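Asks: okay, sequence plus prediction incoming.
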Amino acid sequence: MMPSLRLWLSLLSLPHLLSQSTTISLTSGGIIAHLRRSMATAAVAEPVSPANTRVGWIGTGVMGRWMCAHLMKAGYTVTVFNRTISKAQPLLDMGAHLASSPIAVASQSDVVFSIVGFPSDVRSVLLDPSSGALSGLRPGGFLVDMTTSDPSLAAEIASSAVSKGCFSVDAPVSGGDRGAKNATLAIFAGGDESVVNRLNPLFSHLGKVNYMGGPGKGQYAKLANQITIASTMLGLVEGMMYAHKSGLDVGLFLNAISTGAAGSKSLDLYGSRILKRDFEPGFFVNHFIKDLGICLIECQKMGLSLPGLALAQQLYLSLKAHGEGNLGTQALILTLERLNNVTLPLSSAPSS
């Protein structure tokens with residue numbers, strides 16, 4: 001039996017999924033019922049591994065290329081798609097196969113990951129009827145979207161996947177480019193818990209998976225994460241500005257607070273970069289503005305007032321207005337510098 005077919009059959013043996021067989025298009029002719037009876041006496045489904053699972057990867061940018069590389073190093077056969085082929089070249093050099101479209105990726109994969117820029121990109125690469133990955137995915141296959149996107153879109157993708165006899169997980173991540181490189185990302189997973197558990201052998205090569213609930217809950221968790229980061233980053237750069245104006249050595253200041261109550265992941269990731277005027281993106285300002293905008297829309301739906309979120313979004317929009325949308329989120333310091341007509345001096349990074 002071909003690995004992809006064996007995987008399909010083993011996935012269809014999941015009882016809680018088959019209990020919803022009336023919503024799956026393969027039920028005609030009693031196919032699902034027959035498979036359920038046949039698989040009831042079969043051995044436990046073999047775990048996901050390089051021997052039985054082909055991986056597709058859509059989006060090989062700042063984070064995606066590192067994440068995909070970890071799966072390749074773990075032995076998985078990977079097919080990739082990226083609109084800018086040069087960004088996929090490091091993976092091609094490692095042995096990845098290049099596909100011409102998302103649907104072509106899916107036709108050669110059992111599990112398709114996506115990590116792209118905006119919700120419109122997610123919809124295009126996954127749900128477009130002529131070129132999207134779902135149209136090319138075999139029944140029993142998985143979509144795993146790791147883009148920060150709309151919770152409602154995640155629920156729509158999950159529904160569309162079920163209608164085709166496939167499965168979907170929304171699994172946005174936090175940790176920036178460093179977390180992607182070091183496979184230490186926080187992964188917020190939404191969807192069926194047993195499906196998330198089945199994919200754990202893949203997630204384990206990327207970071208730590210945290211199950212948050214049903215479809216869309218991974219996205220809600222990531223948006224809450226972004227709200228927390230926005231205020232934390234603002235506090236970091238304001239503290240640095242105050243330390244400088246008071247005559248402190250900002251590098252010494254950051255080192256001093258790093259082990260106290262003001263220590264944070266944002267400080268660890270970005271404090272030294274700011275000191276070195278290194279604004280290369282671990283996460284793009286433009287993408288962060290997109291995330292905060294989604295948060296504000298969700299807050300409006302909930303009738304929730306979060307003034308810190310709104311202020312942070314306006315300050316990041318100022319960066320975009322100055323043509324700095326493709327810098328990293330640590331470039332927020334530039335907005336504070338302009339507001340105060342002060343420029344922090346180039347400084348060495350604080351010692352760890």
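Replies: Perfect, thanks for sending it. Note that the structure is a prediction, hence the values are computed from the model and not measured.
Asks: what secondary structure does the residue lying farthest from the centre of the chain sit in?
Replies: Ranked by distance from the centre of the chain (C-alpha atoms, centre = their mean), the top residue is G247, with 40.1 Å. Using DSSP: H, G, I helix; E, B strand; the rest coil, the secondary structure recorded for G247 is coil.
Asks: report pLDDT for it.
Replies: Among the per-residue scores, G247 holds a pLDDT of 97.
Asks: cool, I31 as well?
Replies: Per the predicted model, pLDDT is 37 at I31.
Asks: how close does the closest residue to S107 other than its chain neighbours get to E337?
Replies: With C-beta to C-beta, 6 or more residues apart in numbering as the criterion, S107 has its nearest non-adjacent residue at 4.1 Å, and that residue is G136. For every residue, glycine as well, the C-beta is placed using N, CA and C. Computed as C-beta to C-beta, to the nearest Å, the G136 to E337 distance reads 48 Å.
Asks: more crowded one of these two?
Replies: The residue with the greater number of neighbours, taking G136 and E337 and applying other C-beta atoms under 10 Å, is G136; the counts read 20 against 15.
Asks: what residues are up against the more buried one?
Replies: For G136, the contacting residues are P102, I103, A104, V105, A106, S107, by C-beta atoms under 8 Å, 6 or more residues apart in numbering.
Asks: closest one of these to F279?
Replies: Distances from these to F279 were compared by C-beta to C-beta; the smallest belongs to P102, at 31.4 Å.
Asks: burial measure for that closest one, as a count.
Replies: The number of residues packed near P102 is 27, by other C-beta under 10 Å.
Asks: quickly note the distance from it to G75.
Replies: P102 is 24 Å from G75, where distance means C-beta to C-beta.
Asks: and for P90?
Replies: Look at P90 and G75: by C-beta to C-beta, they are 18 Å apart.
Asks: comparing these two, which residue is more hemmed in?
Replies: Between P90 and G75, P90 has the larger neighbour count (other C-beta under 10 Å), namely 14 against 10.
Asks: and the pLDDT at that one?
Replies: P90 is assigned 97 on the pLDDT scale.
Asks: what of the one 4 residues further on?
Replies: In this prediction, M94 carries a pLDDT score of 98.
Asks: got phi/psi on the closest residue to it other than its chain neighbours?
Replies: Taking C-beta to C-beta, 6+ apart as the measure, M94 lies nearest to M72, with 5.4 Å between them; neighbours along the chain are not counted. Summarising the backbone geometry of M72 under the convention degrees, to the nearest 10, its torsions are phi -70, psi -40.
Asks: burial count for M72?
Replies: By other C-beta under 10 Å, the residues close to M72 number 19.
Asks: that one against H97, yeah?
Replies: No: between M72 and H97 no contact is recorded; they are 10.7 Å apart, counting by C-beta atoms under 8 Å.
Asks: find the residues that touch each one of the two.
Replies: Any residue near both M72 and H97 by C-beta under 8 Å, 6+ apart counts here, and that gives V78.
Asks: residues in contact with stretch 58-65?
Replies: Taking contacts as C-beta under 8 Å, 6+ apart, the residues outside stretch 58-65 that touch it are 57, 68, 80-82, 87-88, 90-91, 102, 105, 112-117, 125, 133, 146-147, 173, 176-177, 180, 281-284.
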